[in-house]
Every structure is written in C-alpha cells, then in structure tokens.
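# Build me a model:
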Amino acid sequence: MASPCFIVFEGPEGAGKSTQVALLARRLRTSGRSVTTTREPGGTPTGDAIRELLLHADVTIDPLVEFLLYSASRAQHVREVIRPALARGDVVVSDRFAAASIAYQGYGRGLELPFVESLTARATLGLRPDLTVLLDLDPVEGLRRVAGRGVEDRLERAGLAFHRRVREGFLAQAAADAAWLTIDATEDAEGIAERVWSAVELRCPDG
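I've put the predicted structure just below:
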C-alpha cells in the first residue's frame with residue numbers, strides 16, 4: 001500500500017485554491033497515486049448541509065455559533081472521509097482545513113485563540129496535514145476576483161478589515177510551522193502548481 005499523505009490548501013478568498021486542488025489531484029493520479037479530494041466546510045452530507053447555512057448571504061450568525069458549526073462539520077469530515085481515506089493509503093487533498101478556523105474565527109472574528117485551537121484539536125482528533133499550502137493574496141485583489149464571479153457569499157461580504165485580519169492569521173500560522181509552504185497567489189497557475197508539486201514530492205514520497 002502506498003504511503004498516505006494529507007495535503008491542505010489554505011488562503012484568502014479568491015486565491016485560487018480550487019484550481020490548485022484540481023491540478024494537484026490530476027498530477028497525483030497520473031503518477032499512479034490514489035487520491036481523495038475534499039473541501040471544508042462540507043465533504044460529507046452533514047457538512048454540505050452546514051456549508052449551505054454558513055455561506056448563505058442573508059443569514060446572520062454569531063461568531064461563536066459560526067465556529068461551532070465549522071467545528072461540527074470538520075469533526076464529521078475527519079471521521080467520515082479523511083481518516084478512512086488515509087487508512088486506505090490515499091493522498092487526501094483538501095480545500096481548507098483546521099487552519100481556516102484559526103484565521104477566520106480566531107483572527108477574523110476575534111474569538112480567543114486558545115479556545116479555537118483547543119476545540120479544533122478535539123474536532124480533528126489531533127490530525128495535522130503533512131503539507132499546508134498557503135496561497136497568499138492581498139485581500140483587495142482577492143475580493144476583486146470574487147466580485148468578478150457574481151453573487152458573493154456571507155464570508156465574502158464580511159468587509160476588507162475582516163479579510164485583512166484573516167490574512168494576518170494565515171501568515172502567522174505559516175511563519176510558525178515548517179509544514180507550511182507560502183506561495184504568492186498572483187503567480188500564474190501553472191507556476192504555482194510546479195512549486196506545489198516540488199513540495200509534494202518532498203513531503204509525500206510514494207511508498
């Protein structure tokens with residue numbers, strides 16, 4: 001059985017995470033690896049229902065309630081999708097994971113970081129990615145990209161000051177953890193994909 005590996009893409013709105021998830025998954029499969037792609041919030045029927053509520057543009061949600069909903073989705077995600085896939089020897093590639101709550105609900109919403117970190121550790125059963133790729137982007141550019149897509153979701157409408165705090169949260173985590181790779185999201189998609197692939201070959205060798 002191939003060695004399992006857990007890879008997560010993080011970053012502000014509009015950073016291009018879904019594009020890089022798809023590019024990496026395709027390259028991994030071409031190289032013969034078994035791959036599970038997933039996302040947060042979501043990834044399970046329970047998580048998808050929570051996602052619909054969390055991102056609904058017309059819903060008002062208290063920051064604590066928001067965090068608890070993300071945590072519930074994440075707990076189900078780990079138990080139903082991520083851990084079973086890793087047990088099979090898959091490479092799991094996720095669009096967001098636990099670091100998003102540190103950035104969005106901790107730094108962005110202002111919840112106490114020790115509380116966010118503690119509950120997140122419980123929800124994830126202590127699971128940590130082998131590689132977290134931060135696609136870093138100035139929030140002004142990120143929100144401009146998002147606006148070009150059409151309808152904005154609840155988080156995308158949160159305002160520039162909020163998204164600047166979120167970016168600060170991601171950068172702080174990346175600076176403190178050697179398992180993170182930070183890439184300028186204004187680079188071209190193929191160039192980013194090559195840098196990601198080099199990191200994956202190093203962190204997630206086959207066999």
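
# list the helices and strands the one helix or strand Leu119 maps to packs on?
Taking DSSP states H and E as the definition, Leu119 sits inside helix 113-123. In this structure, helix 113-123 packs against helix 63-77, helix 98-101, with contacts taken as 3 or more Cβ pairs under 8 Å, 6 or more residues apart in numbering; DSSP states H and E. From N, CA and C alone the C-beta is placed, and that goes for glycine too.

# Please list all residues in contact with Arg29.
Val35 (Cβ atoms under 8 Å, 6 or more residues apart in numbering).

# repeat for His77
Counting by Cβ under 8 Å, 6+ apart, His77 makes contact with Thr38, Glu40, Gly42, Gly43, Thr44, Gly47.

# count of neighbours near Gly126?
By other Cβ atoms under 10 Å, 9 other residues sit near Gly126.

# how much space between it and Arg195?
Look at Gly126 and Arg195: by Cβ to Cβ, to the nearest Å, they are 28 Å apart.

# can you pull the buried residues of the lowest-mean-pLDDT helix or strand in the chain?
Each helix and strand of the chain was given a mean pLDDT (mean pLDDT, DSSP states H and E); the minimum falls on helix 139-147 at a mean of 87. By 16 or more other Cβ atoms under 10 Å, the buried positions in helix 139-147 come out as Pro139, Gly142, Leu143, Val146.

# Which residue is the nearest non-sequential neighbour of the first one?
Using Cβ to Cβ, 6 or more residues apart in numbering and skipping the chain neighbours, the partner closest in space to Pro139 is His163 (3.7 Å).

# Would you check that the one you found makes contact with Gly142?
Yes - using Cβ atoms under 8 Å, His163 is in contact with Gly142, at 6.8 Å.

# if I look at the two, which residues touch both of them?
Pro12, Glu13.

# All set, thanks.
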